[in-house]
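Asks: Mind folding the following:
(chains A and B)
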2 protein chains.
Amino acid sequence: MFSQSMVDLGQKRSTIREIFEYGKRRAAEVGAENIFDFSIGNPSVPAPDSVHQAILRVLEEEGPVGTHGYTSAQGDAIVRTRIAESLNRRFGTAFHADNFYMTVGAAAALSACFRALAEPGDEFVVAAPFFPEYRCFVESGAGAKLVVVDADIEQFQINFEKLEAALNPHTKAMIINSPNNPSGTIYSEATIQKLAALLTRKSAEYGHPIFLISDEPYRELIYDGLEIPFVTKYYPNTFVCYSYSKSLSLPGERIGYILVPDEMTDAKLAYAAICGAGRTLGYVNAPSLFQRVASYCTDETADTSIYEKNRNLLYEGLIRLGFTCVKPQGAFYIFPRSLEPDAVAFCERAKKYDLLLVPGDDFGCPGHVRISYCVPTERIERALKVFEQLAAEYR
Amino acid sequence: MFSQSMVDLGQKRSTIREIFEYGKRRAAEVGAENIFDFSIGNPSVPAPDSVHQAILRVLEEEGPVGTHGYTSAQGDAIVRTRIAESLNRRFGTAFHADNFYMTVGAAAALSACFRALAEPGDEFVVAAPFFPEYRCFVESGAGAKLVVVDADIEQFQINFEKLEAALNPHTKAMIINSPNNPSGTIYSEATIQKLAALLTRKSAEYGHPIFLISDEPYRELIYDGLEIPFVTKYYPNTFVCYSYSKSLSLPGERIGYILVPDEMTDAKLAYAAICGAGRTLGYVNAPSLFQRVASYCTDETADTSIYEKNRNLLYEGLIRLGFTCVKPQGAFYIFPRSLEPDAVAFCERAKKYDLLLVPGDDFGCPGHVRISYCVPTERIERALKVFEQLAAEYR
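Replies: From the prediction side, this is the model:
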């Protein structure tokens, strides 16, 4: 009577959401201050004040009909120009308005890319650890196959030997996500160069391009003064999927874009396919007020120094307690090894202390746990004492 | 390399959009005041001032983290409660928060319904005239078949003989849209009763429910003091797809909902399927600020008296000029017969006068033209002189 796969997806929440909902129930029982909920990636740092100012400015400048009316399906042209100019300033690129298609957040951007690209029998490849919803978008959304490459658990860069083994003539695209959810690592310039070389070689071998889909919601959340390589400069067949959810702390507003560089093979057809996919999925236009707001704030970020402080505190604390952990360079996640091989069992044990962690299994990386540190700093300080009790159980 | 169907959909704009873009080009050439563009349904009446006040209120009450954070996938619970209460007040219903799933506008609501319901071989039936994007959502989006029932061109109610002939065991659901785009007619209580009786009988005959999908963005745009029958009261197996785009003049903000009544067969499974479909299509949550804003304004509308005035002016003018036309009772469209059998040829002739009308062919109703009268009243006054010149060509 209903689509069984849709019922299943609706009934089975993601593991992250399950833990988050459990945390809310426990908080109601024992008080929110006693729950150490590190399950969800909901920014804890407020949007910068410039967002508030931009909302007022747009309302005043555009009036209600201008602010709230339809924009063209690809997004307001001035908005797209401002976004292009911001990237050009910051990354030395040469984009223009028509490289951009505004989307209802990164999930919509990814969904539209998969739908635009997928033909029967296609495969999309991703290196673990990866954001679990990719599987839903690729498999249920676009009817394609998600191929997972085992993680390089030493550095969370890419295991190129295993990646090369996973590529084949059915590979339509590879998904990358740097800074990475859940590991927090950034793909180094060397990694991006090596990846570009491999995909270029394999594209030639198969006689068709293997695209990159670069999921970049954490692009501006980077620490230690690091710089991030802008992927289209290394590999032109790249769709960049961006969201302002994390950089401007606007996850509920659903505003982002797809960037299709001119240098992409058949760029105009690619852009048309994105437009067709957006239309098919029922996305009429990205929310109009927040298109303008984002375009006025695109050089800014929420106060990421708070996340960096949290990262330092948590990384140093976990290392001190004997955890094995790659130091995150961005985003607001840390992904240590669990203290027993079964991460699910480890998370269950942590739960007894009201310490809510997400096992790495759904991220394609068993034996690890994701800790989202987009929480108040004092909660991390208190949580470290609880981590200590938990670690003591394993000594 | 790309999905050919997505490229096709992206390259071939809808007829409405084609004409609208032509109008913009002509306006740049000869001045906007000389173009009589009746092509697009973009509300010309501003959002009520309460929308502006609600934006400020939400920002102040919730602060940035509360306003712009993720909501649950089905939408904020308080928002859904307010919406339920508003319907209960106005229509004597007994809904509660968990009957509602907030969506990114009506297009997203429809897309999620089709995806939630469609199984291989399914058919969705619609009586002409109908909104052309249904075809895209049903066929490309959900992989099902759209079956069109010829229009009742005398009244734009439903030709029940033809509808009954179109129903079969593969019919999963029927789509209705009242007040109707493009005809502006409202299905009378008698029509809804007769439809409910037919679908109930056929559901029993086939051994499974035939659902109704009631697309209601124009529900509050009704004239002459008419009342509109609330469909779930007549037929419980109804998904209501609603949008605030027209009632509050917020089309660019993309905010609406799906209503799943408790009385629906397997209502909880239906709701789960909607959740699964929303997830699959990449809709994380409906835009968070405008969820709250809509919930504060859900008893209000933009000033619809302007549309009613436009309707009167245009209807009376067209009748005076000899057009055959069903008087619209709602929405902001009028759908007269073209003055020659080929509506496309008629619209081409109108174009010579910079009078931009949309042929009824894509609406499943050849020989008619859609005129969107959500434009300034003075433009209609001036346009009637142009209609007169056009009509003179046919005398």
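
Asks: switch to C-alpha atoms for all contacts and neighbour counts from now on
Replies: Fine.

Asks: Chain B contacts on the stretch 201-350 of chain A?
Replies: The stretch 201-350 of chain A has residues A:208-209, A:249-254, A:269-270, A:272-277, A:279-289 near chain B, with proximity defined as CA under 8 Å from any CA of the partner chain.

Asks: Now intersect the residues you listed with the helices, please.
Replies: A:269-270, A:272-277, A:279-280, A:288-289 (DSSP state H).

Asks: Make TSV out of those and add distance to A:Leu355, neighbour count and pLDDT.
Replies: Shown next, in TSV, are those (distance: CA to CA, whole Å; neighbours: other CA atoms under 10 Å in any protein chain shown; pLDDT from 0 to 100):
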residue	distance to A:Leu355	neighbour count	pLDDT
A:Leu269	49	21	97
A:Ala270	45	25	98
A:Ala272	47	21	97
A:Ala273	45	27	97
A:Ile274	42	30	98
A:Cys275	44	27	97
A:Gly276	44	27	96
A:Ala277	41	30	97
A:Arg279	43	24	95
A:Thr280	42	31	95
A:Ser288	40	25	98
A:Leu289	38	25	98
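
Asks: Farthest-apart pair in these, please.
Replies: A:Leu269 and A:Leu289 (28.8 Å; CA to CA).

Asks: Model confidence for A:Glu21, exactly?
Replies: As predicted, A:Glu21 sits at a pLDDT of 84.

Asks: Wasn't it part of a strand?
Replies: No. Counting by DSSP: H, G, I helix; E, B strand; the rest coil, A:Glu21 is not part of a strand but helix.

Asks: Give me the neighbour count for it.
Replies: 14 (other CA atoms under 10 Å in any protein chain shown).

Asks: again with A:Asn168
Replies: Other residues close to A:Asn168 by other CA under 10 Å number 14.

Asks: Tell me the spatial nearest neighbour of it, not counting adjacent residues.
Replies: Distance criterion CA to CA, 6 or more residues apart in numbering or on different chains; nearest residue to A:Asn168, sequence neighbours excluded, is A:Tyr206 at 7.8 Å.

Asks: Would you mind confirming that that neighbour makes contact with A:Pro169?
Replies: Yes. Proximity of A:Tyr206 to A:Pro169 meets the contact threshold set by CA atoms under 8 Å, at 5.6 Å.

Asks: Just want the residue of the stretch 51-200 of chain A that's nearest chain B.
Replies: Relative to chain B, the nearest point of the stretch 51-200 of chain A is A:Tyr70 (4.0 Å; CA to the nearest CA).

Asks: show me the residues around that residue that make contact.
Replies: A:285, A:288, B:42, B:251-253 (CA atoms under 8 Å, 6 or more residues apart in numbering or on different chains).

Asks: Tell me the one of the residues you listed nearest B:Met174?
Replies: Top of the list for closeness to B:Met174, among these and by CA to CA, is B:Pro251 at 24.8 Å.

Asks: where along chain A do the strands fall?
Replies: Assigned by DSSP state E, chain A shows strands spanning A:36-37, A:100-103, A:123-127, A:145-149, A:171-176, A:211-215, A:238-243, A:256-259, A:333-334, A:355-356, A:358-359, A:369-372.

Asks: sorry, back to before: please pick the buried ones from the contacts of A:Tyr70.
Replies: The neighbour count (16 or more other CA atoms under 10 Å in any protein chain shown) marks A:285, A:288, B:42, B:251-253 as buried among the contacts of A:Tyr70.

Asks: any residue of the helix or strand of chain A with the lowest mean pLDDT up close to chain B?
Replies: When each helix and strand of chain A is scored by mean pLDDT, DSSP states H and E, helix A:15-30 comes last, with a mean of 88. No. Using CA under 8 Å from any CA, helix A:15-30 never reaches chain B; the gap is at least 9.4 Å.

Asks: Give me the contacts around that helix.
Replies: A:32-35, A:37, A:39-40, A:356-358, A:362.

Asks: repeat that for 7 Å
Replies: Applying CA atoms under 7 Å, 6 or more residues apart in numbering or on different chains, the external contacts of helix A:15-30 come out as A:35, A:37, A:39-40, A:356, A:358.

Asks: same thing with stretch A:237-246?
Replies: The set of residues that contact stretch A:237-246 without belonging to it, under CA under 7 Å, 6+ apart, is A:43, A:105-106, A:109-110, A:211-218, A:232, A:250-251, A:254-260, A:264-265.

Asks: chain center to stretch A:131-142: distance?
Replies: Here stretch A:131-142 shows a centroid-to-chain-centroid distance of 13 Å under the convention CA atoms, centre = their mean, to the nearest Å.

Asks: show me where chain A has helices.
Replies: Going by DSSP H, chain A shows helices at A:4-11, A:15-30, A:49-68, A:77-91, A:105-117, A:133-135, A:160-166, A:189-206, A:267-280, A:288-296, A:305-320, A:343-351, A:377-392.

Asks: The shortest one and chain B, any residue contact?
Replies: So the one you mean is helix A:133-135. No. Using CA under 7 Å from any CA of the partner chain, we find that helix A:133-135 stays clear of chain B, coming within 8.7 Å at best.

Asks: How is chain A partitioned into domains?
Replies: A:4-48+A:302-392, A:49-296 (automatic domain parsing).

Asks: could the ones you listed be laid out in CSV, adding distance to B:Leu339?
Replies: CSV is the format used below for those (distance: least, CA to CA, whole Å):
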stretch, distance to B:Leu339
domain A:4-48+A:302-392, 47
domain A:49-296, 32
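
Asks: picking that back up, tell me the pLDDT at the residue nearest to A:Asn168?
Replies: The model reports A:Tyr206 with a pLDDT of 98.

Asks: That one: neighbour count?
Replies: 14.

Asks: go on, A:Asp8?
Replies: The burial count assigned to A:Asp8 is 16, neighbours taken as other CA under 10 Å.

Asks: Nearest residue to the middle of chain A?
Replies: A:Pro217 (4.9 Å; CA atoms, centre = their mean).

Asks: Now that one: phi and psi?
Replies: With angles defined as degrees, to the nearest 10, A:Pro217 sits at phi -70, psi -20.

Asks: who's sitting farthest from the centroid in chain A?
Replies: Residue of chain A lying farthest from the centroid, by CA atoms, centre = their mean: A:Arg395 (35.3 Å).

Asks: That residue and chain B: what is the separation?
Replies: A:Arg395 sits 39 Å away from chain B, going by CA to the nearest CA, to the nearest Å.

Asks: what does the model give that residue for pLDDT?
Replies: The predicted local confidence for A:Arg395 is 89.
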